[in-house]
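*Asks:* Sequence plus predicted model, see below.
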Amino acid sequence: MLILECPYCGVKADETELHPGGEAHLTRFGPGSSDDAFESYLFMRANPKGVHFERWRHAHGCGKWFHAARCTVTLEVFGTYSAQTTEPPSDIIEKIAARRPGWAKESQA
Amino acid sequence: MSTRLAKGGRLIDRATTHRFTFNGRQMQGYAGDTLASALLAGDQMLVGRSFKYHRPRGIVASGAEEPNALVGLGSGNTFEPNQRVTVTELFDGLEAQSQNHWPSLEFDVGAINAKLSRFLPAGFYYKTFIHPRPFWKHVYEPFIRKSAGLGKAPDKEARDPDTYEHFYAHVDVLVIGGGVAGLQAAKVAAQSGGKVLLIEQNAHWGGRAPVDGGTVDGAEADAWVSATLEELEGMANVTLRARTMGAGLYDHGYATAYERVSDHAPGSDAPRHRLWRIRAGQIVTATGAIERPLSFAGNDIPGVMLASAARDFAVNYAVSPGDRTVVVTNNDDAYRTALALKSLGLSVPAVIDARANGGGALMAEAEAQGIRVLKGKGIAKVQGGARVTGVEICAQAGEGATQETIACDAVAMSGGWSPVVHLWSHIGGKLTWDETENFFRPDPERAPITHDGSAIVTAVGAANGHLGLSEIVSDATSGTTSALKRIGLSVDAAAPEASPRDEAPMEPVWLMPQGAKRALRAKAWLDFQNDVKVTDVQLAAQEGYVSVEHTKRYTTLGMATDQGKLSNINGLAILSQALGEGIPQVGTTTFRPPYTPISLASIAGEAKGELFQPIRRTALHSWHEENGAEWEPVGHWRRPFAYRKPGESTHDAVTRECVATRESLGLLDASTLGKILVKGPDAGRFMDMLYTNMMSSLKPGFCRYGLMCSENGFLMDDGVVARIDEDTFLCHTTTGGAERIHAHMEEWLQTEWWDWKVWVLNVTEQYTQIGVVGPKSRAVLEKLGTEGIGKDDLPFMRWIDGNVGGIPARIFRISFSGELSFEIAVAANRGRELWGKLIEAGQEFNVTPYGTEAMHVLRAEKGFIMIGEETDGTIIPQDLGLHWAISKKKEDYIGKRAQERSFMDNPERWQLVGLETTDGSKLPDGAYAVAPGNNANGQVNTQGRVTSSYHSAALGRPIAMGLVHNGPDRMGEVIEFAMTDGSRVPAKITGTIFFDPEGEKQNV
């Protein structure tokens, strides 16, 4: 039962208030894209043991989607941030680097 | 025999007698007894039969870790299997039945398994019941099912009359365990001013200390416990709960606790159990330690129990486990049992100490009391069947040659102690092997952490590997102080003076004697409840099992309801020896919540019956209820399925509703249909992405039927869209889809097209919407003063703002029945008023409210699809012949790319057709059309299935729709559908529009 702070309304929300949305920062592939690119977009998901970027919705709260950077092993939360971005903000990356020396975000395949 | 002593018993009240029954036998005990102590007081040592071999089993422990003494409690509606007698508080009228035997506890046919135990080794079932294959289903499985399981499930007609509830608590510090360590931790935490919750699984506080003795802060342990308890009870920031077990620790300080509120007081007004759902800033686990058994032949014979349990029964309940008790140990603590029994005037013929040099001060005290101590010795085997009669003594270093036999009727064993690390481990805390004490203890360097990476759980006292009172209070003080600091609370607490630990080191004894021969090892039990012996674990290792997790599952070690509280460490020590590896290298199995079983009812809490889930009611709900509605659940809504008149069957009612609607006038409560506003400068652009057809070209005042697909291309919802003005669309969704589609829209707007200027709003509950359907629909509306709804004023698929009976309304001319039809939307609070006016004005037209089933029949007669009937999450619009509703012009819409994949754009997909049985029978919903030949699994090939099937009132015969391979190209062909009884029903492939194919009825 995670607690994630909604970056919109500031509520420290219990997991029961939240709806999970899987991996964050996917690029949509539409008509005209290759089969491989479309398959990767629709089905292939990173499932790391460690630092992960996820989409969550404050479903039983303000209703807003947001992103969370957290560790799937230790349950540490490095931060939550707006869903309206294509990559994690630099302050989040710095927080992760400070706690996970040597860590680098994998580029999206 | 076990018996009640004439005096003593710190927890019992001899003035109050409780009567109870065990297997129908009348027995009695005192207030304060557990069922275990009361059974022992009545010389009922034999309490059950083991799982696999049906060996006679007695009480082994005195607390939550008890593996053997499980009984069925109560009867009828209150019957509950697998209850541990050691944690069942006695009350007057208690009924208990022993388990896993036939025909009786004393004489059991299944005990033949014990004679066959050589042939029932680890993995026996896996090895034996594989061949011949057909035997599994008809012979082996029924037999195994019959012999599996301990207690009986309650009768299926039984209904639990008790109530259960959830409690929510938010605290700074949660302390789990109310022994000396937990009390001291709570005291320190309370001094910080923080909010503290202290819970204890037993009815009594103080843990082992009041029995084991010693002093804290200059007082006897039990006096200190009472004083500390009183102090804590007087503090406003402290909540104390006995009978409340810490069940599980989870992410970010979430914990569950299980309070047995009135198990001990049946008939009270209180709920039976309470599940606490706790959020804590810091968690302190002061859960103590559990004594380990020793592995010697016959260690499961009734009368062999843990040394600490023997001491507990004697001191707490004045119950002697036997007249002559032999103590066997590898550590000093068990001498406390010898001394306690001796001081109560009981006979202790010998203490058998496996250590060559024996123990320290406690041994010296025992010897001074005249107790015989045998050093470097062990038990070769226990004599006796249903009860211990003696022990054969051997050299611990040898192979088990008997040197001496000592007559006794009880054996108190101690193999050392294991800290209760379960809660610490639930949430990722790591363990370290203590080479001196030979146990796993929490590794403070690898504590469970919370969101910011800091530790959130602190183990203190015996749970942290400290076994002396002085060490315990000191550890509880420093550990809690550190925990408080992490949440910004500070205290300046000093640990009180307490008795130091004065014991000689224990020596690990994983097998007794060390070189025990097979015959002895095969009778040395590790897991009492699941009947796993030393030889089983050794066999697993011999057969190649190297992982402790695999060995657990292969041998079932630790998989019983006690989750291996007594057996795990002994079992993995045997495994590590067999593998030639160290215990820490072999490691433990995973600890999972709950710590001990909790009732399913406590998890359900209040959520049962009417409170199971909320029910959504339309503004017309009570009218439906008063007029014979038979309900159909649709999502959380209740919709009338049909309105039965007195004496009418459901089928009759549906037929009457269909006929009246087609002939004159029907009314449908369509309020539950989803209504979502999409508004903003980019609304048209957004609508074009949501729907497969072009919506941006829809003019204000017009309606258009639209389809919505998922990004995977599958049809997910449909409905009529009305354009309200340049910037505003009103989307109708299916009843079950409103919330889901609204969330779908929000997701795309917030996470993909966040720069588009669009707002969406779910206004489903703001409107009452009534379908006014049938040839007389225009007449009834005009009678109520509605203007502008003539054939040419308001053509099909148009809407206007107007009023009906003086109520402002939006009037849509749309139809889901093929009839002339209007849907009237009014503010929800005027819905009931409008319905009343329609009913009244409709009398001359035989106005007939109709339910969802008539709605289905009417739509199926017209070949209209229904989401969830014609679709199932694998259907694309093209399968349903809806190509006309898919824009070819649009570059993109959600699902478009997916529908271009080769298997979506494939003529081999099953497609929608009508079906007409040649024998006039009604096809079952979901029936499959068979095709020639069999598939790779030997099953008959299929070529289609029925998606909707109804009796058409208008046509006087059944109609059906289905998806059929190449269906639209096979008009007139007859295919066969398989019935569940093996017969086949032929049906002709037809078009999907069964009624009024030209649409003349709608166009008036």
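*Replies:* Yep, that arrived. Numbers count the residues shown, from 1 in each chain, chains lettered A, B, ... in the order given.

*Asks:* contacts and neighbour counts: CA atoms only from here.
*Replies:* OK.

*Asks:* quick one: B:Gly193 and B:Val238 touch, right?
*Replies:* No. In this structure, B:Gly193 is not within contact of B:Val238 by Cα atoms under 8 Å, at 9.2 Å.

*Asks:* what about these two, which has more around it?
*Replies:* Set B:Gly193 next to B:Val238 and count neighbours by other Cα atoms under 10 Å in any protein chain shown: B:Val238 wins out with 22 against 16.

*Asks:* so what's the residue of chain B found nearest chain A scoring on pLDDT?
*Replies:* Nearest residue of chain B to chain A: B:His451, at 4.1 Å (Cα to the nearest Cα). According to the prediction, B:His451 has pLDDT 95.

*Asks:* What sits closest to it if chain neighbours are left out?
*Replies:* In space, and not counting its chain neighbours, B:His451 is closest to A:Glu76: 4.1 Å by Cα to Cα, 6 or more residues apart in numbering or on different chains.

*Asks:* okay, the one you found: pLDDT?
*Replies:* pLDDT recorded at A:Glu76 is 96.

*Asks:* Low-confidence ranges, chain A, go.
*Replies:* A:106-109 (pLDDT under 70).

*Asks:* Quick one: the helices in it, in order.
*Replies:* In chain A, the helices defined using DSSP state H lie at A:35-42, A:90-99.

*Asks:* now for the ones you listed, which one comes closest to chain B?
*Replies:* Nearest to chain B, of all the helices of chain A, is helix A:35-42, at 7.4 Å by Cα to the nearest Cα.

*Asks:* Please see if the closest one touches chain B.
*Replies:* Yes. Applying Cα under 8 Å from any Cα of the partner chain, one finds helix A:35-42 touching chain B at A:Asp35, A:Phe38, A:Leu42.

*Asks:* Which among those count as buried?
*Replies:* Buried members of the residues of helix A:35-42 next to chain B, scored by 16 or more other Cα atoms under 10 Å in any protein chain shown, are A:Phe38, A:Leu42.

*Asks:* Turn the helices of chain A into TSV, columns for distance to B:Ala185.
*Replies:* Formatted as TSV, the helices of chain A follow (distance: least, Cα to Cα, whole Å):
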stretch	distance to B:Ala185
helix A:35-42	52
helix A:90-99	31
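
*Asks:* and the residue lying farthest from the centre of chain B, how far is that from B:Tyr705?
*Replies:* Distance from the C-alpha centroid of chain B, by Cα atoms, centre = their mean, peaks at B:Asp792 (60.6 Å). Per Cα to Cα, to the nearest Å, B:Asp792 is found 20 Å from B:Tyr705.

*Asks:* Kindly report the same for B:Gly842.
*Replies:* For B:Gly842, the distance to B:Tyr705 - Cα to Cα - is 29 Å.

*Asks:* So those two - more neighbours on which side?
*Replies:* Higher neighbour count among B:Gly842 and B:Tyr705: B:Gly842, with 23 against 17, using other Cα under 10 Å.

*Asks:* Report the separation between the closest residue to that one other than its chain neighbours and B:Leu667.
*Replies:* Excluding the flanking residues, the one nearest B:Gly842 by Cα to Cα, 6+ apart is B:Val780, at 6.0 Å. Distance, B:Val780 to B:Leu667, using Cα to Cα: 11 Å.

*Asks:* Around chain B, pick out the residues from chain A.
*Replies:* With Cα under 8 Å from any Cα as the criterion, chain A meets chain B at residues A:1-3, A:30-33, A:35, A:38, A:42, A:64-65, A:74-78, A:83-84.

*Asks:* Of the residues you listed, select the buried ones using a PyMOL command.
*Replies:* Selection command for PyMOL covering only the buried members of the residues of chain A next to chain B, criterion 16+ other Cα under 10 Å:
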select buried, chain A and resi 2+3+30+31+38+42+64+65+74+75+76+77+78+83+84
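
*Asks:* What residues of stretch B:70-89 count as buried?
*Replies:* Across stretch B:70-89, burial judged by 16+ other Cα under 10 Å covers B:70-73, B:75, B:79-89.

*Asks:* And those, which is closest to B:His624?
*Replies:* Nearest to B:His624 among the buried residues of stretch B:70-89, counting by Cα to Cα, is B:Phe79 at 40.7 Å.

*Asks:* What distance do you get for the nearest residue to that closest one once chain neighbours are set aside to B:Gly24?
*Replies:* Spatial nearest neighbour of B:Phe79, chain neighbours left out: B:Leu73 (5.6 Å); criterion: Cα to Cα, 6+ apart. Applying Cα to Cα, the value for B:Leu73 to B:Gly24 is 12 Å.

*Asks:* got any residues that touch both of those two?
*Replies:* B:Glu95, B:Ala96, B:Gln97 (Cα atoms under 8 Å, 6 or more residues apart in numbering or on different chains).

*Asks:* now the second one: how far from B:Leu39?
*Replies:* As for B:Ala96, its distance to B:Leu39 is 10 Å (criterion: Cα to Cα).

*Asks:* show me the contacts for the closest residue to chain B within chain A.
*Replies:* In chain A, the residue that lies nearest chain B is A:Glu76 (4.1 Å; Cα to the nearest Cα). Listed by Cα under 8 Å, 6+ apart, the contact partners of A:Glu76 are A:Arg70, B:Ile449, B:Thr450, B:His451, B:Asp452, B:Gly453.

*Asks:* For these, which two are the farthest from each other?
*Replies:* Using Cα to Cα, the two most remote members of the contacts of A:Glu76 are A:Arg70 and B:Ile449, lying 12.9 Å apart.

*Asks:* just to revisit the earlier point, using CSV, write out the CA atom coordinates for the strand or helix carrying the residue nearest to B:Gly842.
*Replies:* Assessed by DSSP states H and E, B:Val780 sits inside helix B:777-783. C-alpha atoms of helix B:777-783 as CSV (Å, rounded to 0.1, in the frame of the first residue of the first chain):
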residue,chain,number,x,y,z
SER,B,777,-45.1,8.4,-29.2
ARG,B,778,-45.6,11.7,-31.1
ALA,B,779,-49.3,11.8,-30.1
VAL,B,780,-48.6,11.5,-26.4
LEU,B,781,-45.9,14.2,-26.5
GLU,B,782,-48.2,16.6,-28.5
LYS,B,783,-50.9,15.8,-26.0
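
*Asks:* Give me the mean pLDDT for that helix.
*Replies:* Rounded mean pLDDT across helix B:777-783 is 98.

*Asks:* What lies in contact with it?
*Replies:* Residues from elsewhere that reach helix B:777-783 (Cα under 8 Å, 6+ apart): B:664-666, B:789-790, B:804-805, B:820-822, B:838, B:841-842, B:845.

*Asks:* With distance to B:Gln766 and pLDDT added, can I get these in JSON lines?
*Replies:* Listed next are the contacts of helix B:777-783 as JSON lines, based on distance: Cα to Cα, whole Å; pLDDT from 0 to 100:
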{"residue": "B:Ser664", "distance to B:Gln766": "30", "pLDDT": "98"}
{"residue": "B:Leu665", "distance to B:Gln766": "26", "pLDDT": "98"}
{"residue": "B:Gly666", "distance to B:Gln766": "23", "pLDDT": "98"}
{"residue": "B:Ile789", "distance to B:Gln766": "24", "pLDDT": "97"}
{"residue": "B:Gly790", "distance to B:Gln766": "28", "pLDDT": "96"}
{"residue": "B:Val804", "distance to B:Gln766": "18", "pLDDT": "98"}
{"residue": "B:Gly805", "distance to B:Gln766": "19", "pLDDT": "97"}
{"residue": "B:Leu820", "distance to B:Gln766": "26", "pLDDT": "97"}
{"residue": "B:Ser821", "distance to B:Gln766": "22", "pLDDT": "97"}
{"residue": "B:Phe822", "distance to B:Gln766": "19", "pLDDT": "98"}
{"residue": "B:Leu838", "distance to B:Gln766": "20", "pLDDT": "98"}
{"residue": "B:Ala841", "distance to B:Gln766": "25", "pLDDT": "98"}
{"residue": "B:Gly842", "distance to B:Gln766": "25", "pLDDT": "98"}
{"residue": "B:Phe845", "distance to B:Gln766": "29", "pLDDT": "98"}
